[in-house]
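S.K.: okay, here's the prediction I keep looking at, along with the sequence it came from:
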Amino acid sequence: METKYNIGNNNGQRNGMHNKNKFQMRIKPTPILFGHKNGLPPSPKRMKMNGKENKGNILNGKPKLSIQDQRKKLPIFDKRNKLVELIQKHKTLIILGETGSGKTTQIPQFIYSAQIHQNGKIGITQPRRVAAISIATRVAAEIGQGMQVGELVGYSVRFHDETSKKTKIKFLTDGMLLREAMFDRLLMEYNVIILDEAHERTIHTDVLFGIVKKAQKVREDRNLPPLKIIIMSATMDVDHFSKYFNNCQAVYIEGRTYPVTMHYTIKPHDDYEAACVATFFKIHKEAPPDHDVLIFLTGQEEIETCANRIRTLSKQPDVMGPPLKVFTLYAAQPHSQQMSVFQPSPVNTRKVIISTNIAETSVTISGIKYVIDSGMVKVRTYHPTTGLEMLKVQKISQEQAWQRTGRAGRDSEGHCYRLYTRSQFELMRKTTVPEIQRANLCTVSLQLLSLGNIERCNI
Ligand SMILES: Nc1ncnc2c1ncn2[C@@H]1O[C@H](COP(=O)(O)OP(=O)(O)OP(=O)(O)O)[C@@H](O)[C@H]1O
């Protein structure tokens with residue numbers, strides 16, 4: 001089952017890519033085999049079973065279920081009572097569940113319905129604003145009854161606060177919670193704090209681990225309302241986190257929503273941008289029009305170049321495929337442009353989104369059937385000797401690869417094309433280097449200083 005393909009003319013490409021052969025690539029669809037312990041993706045057997053269960057719920061590749069029925073189909077839904085019981089029992093809990101199993105959208109609602117928050121707020125952190133806003137919007141829609149974001153469910157991201165006195169379920173970026181902690185280090189507004197996507201190990205989340213742990217202890221010592229802490233991810237190192245939180249309990253939610261078929265390249269190749277374009281056109285030629293595509297690249301320039309190539313090539317007479325809408329997604333874009341990727345594409349039109357790792361975790365973009373993973377990411381690195389901060393393009397970790405895969409298979413079965421070989425994947429780091437080990441710590445040190453968490457600081 002090998003497919004060889006090439007696409008035509010590639011005018012205007014970067015890096016001297018004027019050779020048609022550069023667009024040739026062989027992709028071998030290979031079912032992936034994984035043993036599973038720490039929240040890594042499921043075995044093919046289980047994926048198949050889930051596929052069977054869910055097949056009848058798809059219409060032209062899109063779910064035909066009501067939003068409430070979609071909730072009920074999530075793997076997490078029938079574990080609700082057990083989860084509520086565990087959350088009630090433990091002051092700190094780690095929850096692991098496969099991507100798309102329903103952790104982020106459902107657990108805050110379970111806590112709210114069971115009144116575990118005791119009229120305080122439930123705060124759920126996200127590493128990125130796009131995720132915080134889109135999830136708050138989804139949860140408000142799930143609660144329904146004409147619920148608007150900013151009422152019971154709200155969000156707070158830099159320069160934008162969409163909450164009110166009524167807000168009990170508040171999604172916020174980890175940076176915003178850190179900022180709130182500078183004004184109230186015991187975080188008294190919240191009775192439950194969920195630190196989501198813990199595997200990302202952003203500086204803000206790492207610092208928050210310490211802040212919430214301390215706030216919990218001080219509140220306990222002073223007989224103040226208790227603070228419950230929940231740490232969540234699909235791909236984290238449970239033992240490590242459990243040890244940090246005094247050997248707290250961890251629970252694993254089995255099952256994913258829809259199966260994702262994995263495809264690895266047979267041979268390594270050295271131009272991932274060209275490979276992304278070639279893979280996209282293979283899909284574009286063969287897949288039904290309502291099957292949308294998400295491509296992971298590293299940064300703005302690369303993404304815009306790739307978007308322009310796709311737009312240009314799609315207009316060529318010898319390129320087959322339905323009408324196309326090309327979107328880009330990266331941090332420097334205005335908010336409205338970022339959120340436009342969530343708009344459904346017109347009937348019989350394919351949507352392709354080319355994104356940085358903004359779309360890597362937490363985000364559900366309805367209609368995405370295919371993920372193309374370049375295997376690369378741009379990261380901020382700090383050189384202590386020169387004092388310079390640089391953006392460096394490097395290979396992703398296995399954790400990140402699984403998160404990218406998890407952007408497909410959320411509202412129907414999906415495919416993930418990894419533009420690296422299986423052995424290259426196996427050579428990748430298992431986990432991502434925590435940002436705190438590679439970034440400039442000046443800002444965060446000052447924040448901690450203002451919190452009184454650093455007693456002497458020789459900067
Ligand atoms: N905006 C949305 N539109 C359509 N479906 C959505 C949306 N948000 C969530 N869903 C559905 O809810 C499911 C659960 O999403 P949720 O974000 O809770 O999963 P998760 O377990 O937190 O995943 P991850 O670990 O990838 O963040 C998705 O797989 C999808 O089926």
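M.R.: Perfect, I can see it now. Worth saying up front: this structure is predicted, and the values here are computed from it rather than measured.
S.K.: which bits of this structure sit near the ligand?
M.R.: 74, 97, 99-106, 134, 138, 234, 257, 361-362, 364, 366, 406, 410-411 (C-beta under 6 Å from any ligand atom). Backbone N, C-alpha and C define where each C-beta goes, glycine included.
S.K.: which ones among those residues are found in helices?
M.R.: 103, 104, 105, 106, 134, 138 (DSSP state H).
S.K.: mind putting these in TSV, neighbour count included?
M.R.: Formatted as TSV, those follow (neighbours: other C-beta atoms under 10 Å):
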residue	neighbour count
103	27
104	25
105	22
106	22
134	23
138	19
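S.K.: save the residues you listed as CSV, and put in distance to residue 327 and pLDDT too.
M.R.: Converted to CSV, these look like this (distance: C-beta to C-beta, whole Å; pLDDT from 0 to 100):
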residue, distance to residue 327, pLDDT
103, 26, 94
104, 22, 96
105, 23, 96
106, 28, 97
134, 14, 95
138, 19, 95
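S.K.: for those residues, which one is nearest residue 448?
M.R.: residue 104 (27.3 Å; C-beta to C-beta).
S.K.: find the centremost residue of the protein, please.
M.R.: Geometric centre of the chain, nearest residue: residue 361, 0.7 Å, by C-alpha atoms, centre = their mean.
S.K.: wait, that residue sits on residue 125?
M.R.: No: counting by C-beta atoms under 8 Å, residue 361 does not reach residue 125; the two are 11.8 Å apart.
S.K.: give me the domain ranges for the chain.
M.R.: Domain assignment for the chain by the TED database gives 69-255, 260-428.
S.K.: would a markdown table of those with distance to residue 442 be doable?
M.R.: Shown next, in a markdown table, are the domains of the chain (distance: least, C-beta to C-beta, whole Å):
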| stretch | distance to residue 442 |
| --- | --- |
| domain 69-255 | 11 |
| domain 260-428 | 10 |
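S.K.: nearest to residue 447, of these?
M.R.: Of all the domains of the chain, domain 69-255 comes closest under C-beta to C-beta, at 6.2 Å.
S.K.: and that closest one, end to end?
M.R.: 17 Å (C-alpha to C-alpha, to the nearest Å).
S.K.: now do that domain: distance to the chain's middle.
M.R.: 15 Å (C-alpha atoms, centre = their mean, to the nearest Å).
S.K.: now do stretch 300-308
M.R.: On C-alpha atoms, centre = their mean, the centre of stretch 300-308 falls 21 Å from the chain's centre.
S.K.: cool, stretch 303-315 as well?
M.R.: That offset, for stretch 303-315, works out to 25 Å (C-alpha atoms, centre = their mean).
S.K.: buried stuff in that stretch?
M.R.: 303, 305, 306, 307, 309, 310, 313, 314 (16 or more other C-beta atoms under 10 Å).
S.K.: out of the residues you listed, who's nearest the ligand?
M.R.: residue 303 (21.4 Å; C-beta to the nearest ligand atom).
S.K.: show the contacting residues for the closest one.
M.R.: 297, 328, 329, 330, 354, 355, 356 (C-beta atoms under 8 Å, 6 or more residues apart in numbering).
S.K.: one more pass at 10 Å, please.
M.R.: Residues near residue 303 by C-beta atoms under 10 Å, 6 or more residues apart in numbering: 273, 276, 295-297, 327-330, 333, 353-356.
S.K.: not counting its neighbours along the chain, what's nearest the residue of the stretch 151-300 of the chain found nearest the ligand?
M.R.: Proximity of the stretch 151-300 of the chain to the ligand (C-beta to the nearest ligand atom) peaks at residue 234, 4.0 Å away. Leaving aside its chain neighbours, residue 234 sits nearest to residue 99 (4.5 Å; criterion: C-beta to C-beta, 6 or more residues apart in numbering).
S.K.: where exactly do the strands run in the stretch 1-150 of the chain?
M.R.: Applying DSSP state E, counting those that start in this stretch to the stretch 1-150 of the chain gives strands spanning 3-5, 25-29, 58-59, 62-63, 92-97, 121-126.
S.K.: what's the least confident stretch among these?
M.R.: Sorting these by mean pLDDT places strand 3-5 lowest, at a mean of 30.
S.K.: residues contacting residue 151?
M.R.: 140, 143, 145, 162, 163, 164, 165, 166, 167, 168, 169.
S.K.: before we move on, what about residue 284?
M.R.: Contacts of residue 284 (C-beta under 10 Å, 6+ apart): 7, 291, 293, 310, 313-314, 319-322, 324, 350, 352, 370.
S.K.: try it again at 7 Å.
M.R.: By C-beta atoms under 7 Å, 6 or more residues apart in numbering, the residues touching residue 284 are 321, 350.
S.K.: kindly report the same for residue 340.
M.R.: When contacts are counted by C-beta under 7 Å, 6+ apart, residue 340 touches residue 327.
S.K.: so how far is residue 356 from it?
M.R.: Relative to residue 356, residue 340 is positioned 16 Å away (C-beta to C-beta, to the nearest Å).
S.K.: same thing with residue 136?
M.R.: From residue 136 over to residue 356 (counting by C-beta to C-beta), the distance is 21 Å.
S.K.: kindly report the same for residue 280.
M.R.: Relative to residue 356, and taking C-beta to C-beta, residue 280 is found at 17 Å.
S.K.: same deal with residue 141?
M.R.: Applying C-beta to C-beta to residue 141 and residue 356 gives a distance of 26 Å.
S.K.: those two - which one has more neighbours?
M.R.: residue 356 (21 against 14; other C-beta atoms under 10 Å).
S.K.: I figured that one hits residue 330, correct?
M.R.: Yes: using C-beta atoms under 7 Å, residue 356 makes contact with residue 330 at a distance of 4.7 Å.
S.K.: any shared contact partners between the two?
M.R.: By C-beta under 7 Å, 6+ apart, the residues touching both residue 356 and residue 330 are 299, 303.
S.K.: so what secondary structure elements neighbour the biggest helix by length in the chain?
M.R.: Using DSSP H, we find that the single longest helix of the chain is helix 203-221. Packing partners of helix 203-221 (3 or more C-beta pairs under 7 Å, 6 or more residues apart in numbering; DSSP states H and E): helix 174-183, strand 190-195, helix 442-451.
S.K.: of the domains of the chain, which is nearest residue 443?
M.R.: Per C-beta to C-beta, nearest to residue 443 of these: domain 69-255, 8.5 Å.
S.K.: quick revisit: check contacts around the residue of the stretch 151-300 of the chain closest to the ligand.
M.R.: 39, 96, 97, 98, 99, 402, 403, 406.
S.K.: just those residues now: which is nearest residue 208?
M.R.: For those, the nearest to residue 208 is residue 96 (18.7 Å; C-beta to C-beta).
S.K.: many thanks, have a good one.
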